[in-house]
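Trainee: Here is a sequence with its predicted model. Questions after.
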Amino acid sequence: MEKKIKKCPKCKDKRFLHFDEPWAPGLWNCNKCGYVFYPDGSEYVWPEEDFYMCPRCGSWKCYTKDEEPVCKKCGFTPMTKTDFTADEYDNIVFNHPDRYEEFMHRARVRYVENSEYFNKALYDDVMDAEFRELLNNTHFNPPKEDTPSTPTLRCPKCGSTSVTTGSRGYSLLTGFLGSGKTVNRCGSCGHKWKP
């Protein structure tokens, strides 16, 4: 029988939420410190992922060692495991976005364009789709010169920019007390924090 969780095992805060995702059944996440844990209080360790590239079409994906690296764009298997981890890729995207294009270009030259499986038509389709996405993604678009630059709000736990700001809402513990207070919520990992 699962014991009733009363507070975060790490920071002892009473604000946490239950993940209701297929990839994280039974996991809890502290809203204050971001600690992810099992019902018994032990820490959930995120699995290590490696950065894979499709040698046929040039698309990429991060996989754990237990997953089969199949290209989601063209179905090629197995994708090529690069010398990079998912954490290194995330570091480039979130901390050095100005180097993202250089990183992807070098990876594609090394793992795709020089591959015996390289398919120019599929590769061009993937490049066109990524370019369209890049044009529509405000994360990569520089601010207009006449408007002051505003920093992009990111989740302190996972780095996602899928963040919403709203009122805390009703709580079973405190009812409507403090329900009007503003909190940020991450749409990717569920982490909540004060603005």
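Mentor: Yes, it's here. Numbering: from 1, shown residues only.
Trainee: D13 reaches N29, doesn't it?
Mentor: No. In this structure, D13 is not within contact of N29 by CB atoms under 8 Å, at 11.4 Å. Quick note: C-beta positions are derived from backbone N, CA and C, even for glycine.
Trainee: Between these two, tell me which one has more neighbours.
Mentor: Between D13 and N29, counted using other CB atoms under 10 Å, N29 has the larger neighbour count: 22 against 13.
Trainee: how about the more buried one, phi and psi?
Mentor: Per-residue torsions, N29: phi -130, psi 120 (degrees, to the nearest 10).
Trainee: Give the bridge partners for it, please.
Mentor: L17, V36 (DSSP bridges).
Trainee: So it sits against K10, correct?
Mentor: No. N29 sits out of contact with K10 when judged by CB under 8 Å, with a separation of 11.1 Å.
Trainee: buried stuff in stretch 100-108?
Mentor: Buried residues in stretch 100-108, defined by neighbour count with 16 or more other CB atoms under 10 Å: Y100, F103, M104, A107, R108.
Trainee: Show only the entries of those found in helices.
Mentor: Among these, the ones falling in helices (DSSP state H) are Y100, F103, M104, A107, R108.
Trainee: could these go into a markdown table alongside distance to E67?
Mentor: As requested, these are exported to a markdown table (distance: CB to CB, whole Å):
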| residue | distance to E67 |
| --- | --- |
| Y100 | 24 |
| F103 | 23 |
| M104 | 22 |
| A107 | 19 |
| R108 | 22 |
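Trainee: got the CA positions of the top helix by length along the chain in CSV?
Mentor: Counting by DSSP H, the longest helix found in the chain is helix 120-136. What follows is helix 120-136, C-alpha atoms only, in CSV (Å, rounded to 0.1, in the frame of the first residue of the first chain):
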residue,chain,number,x,y,z
LYS,A,120,19.9,14.2,-50.5
ALA,A,121,16.2,14.6,-51.1
LEU,A,122,15.2,13.5,-47.6
TYR,A,123,18.0,15.6,-46.1
ASP,A,124,16.7,18.7,-48.0
ASP,A,125,13.2,18.1,-46.7
VAL,A,126,14.4,17.9,-43.1
MET,A,127,16.5,21.1,-43.6
ASP,A,128,13.5,22.9,-45.1
ALA,A,129,11.2,21.9,-42.2
GLU,A,130,13.8,22.9,-39.6
PHE,A,131,14.3,26.3,-41.3
ARG,A,132,10.6,26.9,-41.3
GLU,A,133,10.4,26.0,-37.6
LEU,A,134,13.4,28.3,-36.9
LEU,A,135,11.7,31.2,-38.6
ASN,A,136,8.5,30.7,-36.5
